[in-house]
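Chemist: build the 3D model from these lines:
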Amino acid sequence: PPSPPPSPPPSPPPPSHTTRVLLGGAGDFVILAKTAITEVGGGIITGNIGLSPNAALAITGFALTADGSNQFATSAQVSGLVYASDYAVPTPAMLTAAVSAMEAAYTDAAGRPLSHVSNAENFDGILGGKTFTA
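Modeler: Predicted coordinates for the structure are as follows:
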């Protein structure tokens with residue numbers, strides 16, 4: 001009897017511009033910065049914020065209260081936790097990894113082609129007042 005036809009080759013992976021940018025540990029933060037975080041609007045931030053390599057003194061306007069472990073702080077303006085590079089272990093290493101992941105995600109996103117993004121998808125560059133979800 002004749003042998004069955006060969007299986008078709010696997011489908012190629014989708015083009016890189018259709019895949020998500022991987023955030024790694026940076027995805028644990030709604031705000032992650034390297035130099036400073038300043039609260040000026042009186043709103044509530046929903047999620048964790050982090051600062052590294054700068055220290056907690058560069059997080060201003062939040063009335064921070066350090067946790068007993070000194071691994072994080074809390075604030076009435078933040079529904080998550082506040083982390084800074086000068087807090088107790090393991091926070092510095094966690095923030096270093098998160099910032100590295102943020103930089104890698106930026107490099108990945110910046111290297112992608114723009115041709116697939118329409119003005120309707122990017123709001124003509126006007127992002128104020130928009131809420132983005134995963």
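Chemist: could you confirm residue 86 falls within a helix?
Modeler: No: under the criterion used here (DSSP: H, G, I helix; E, B strand; the rest coil), residue 86 is coil, not part of a helix.
Chemist: contacts only, for it.
Modeler: Shown here is residue 86, whose contacts under the criterion Cβ atoms under 8 Å, 6 or more residues apart in numbering are 55-56, 92. Every C-beta, even on glycine, is put in place using the N, C-alpha and C of the backbone.
Chemist: from those, which ones fall inside helices?
Modeler: Using DSSP state H, the subset of the contacts of residue 86 located in helices is residue 92.
Chemist: which members of the contacts of residue 86 are classed as buried?
Modeler: In the contacts of residue 86, burial by neighbour count holds for 56, 92, counting by 16 or more other Cβ atoms under 10 Å.
Chemist: from the contacts of residue 86, pick the one nearest residue 47.
Modeler: Minimum distance to residue 47 across these is 17.8 Å, recorded for residue 56 (Cβ to Cβ).
Chemist: my read: the closest one touches residue 65, true?
Modeler: No: with contact defined as Cβ atoms under 8 Å, residue 56 does not count as touching residue 65 (11.4 Å).
Chemist: what's the overlap in contacts for the two?
Modeler: With contacts defined as Cβ under 8 Å, 6+ apart, the residues adjacent to both residue 56 and residue 65 are residue 73.
Chemist: export the contacts of residue 86 to a markdown table and tack on pLDDT and distance to residue 43?
Modeler: As requested, the contacts of residue 86 are arranged in a markdown table below (pLDDT from 0 to 100; distance: Cβ to Cβ, whole Å):
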| residue | pLDDT | distance to residue 43 |
| --- | --- | --- |
| 55 | 98 | 24 |
| 56 | 98 | 21 |
| 92 | 98 | 28 |
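Chemist: so which of the contacts of residue 86 comes closest to residue 104?
Modeler: When the contacts of residue 86 are ranked by distance to residue 104 (Cβ to Cβ), residue 92 comes first, at 18.8 Å.
Chemist: now that closest one: how far from residue 61?
Modeler: Taking Cβ to Cβ, to the nearest Å as the measure, residue 92 falls 23 Å from residue 61.
Chemist: same check on residue 21?
Modeler: Using Cβ to Cβ, one obtains 29 Å as the distance from residue 21 to residue 61.
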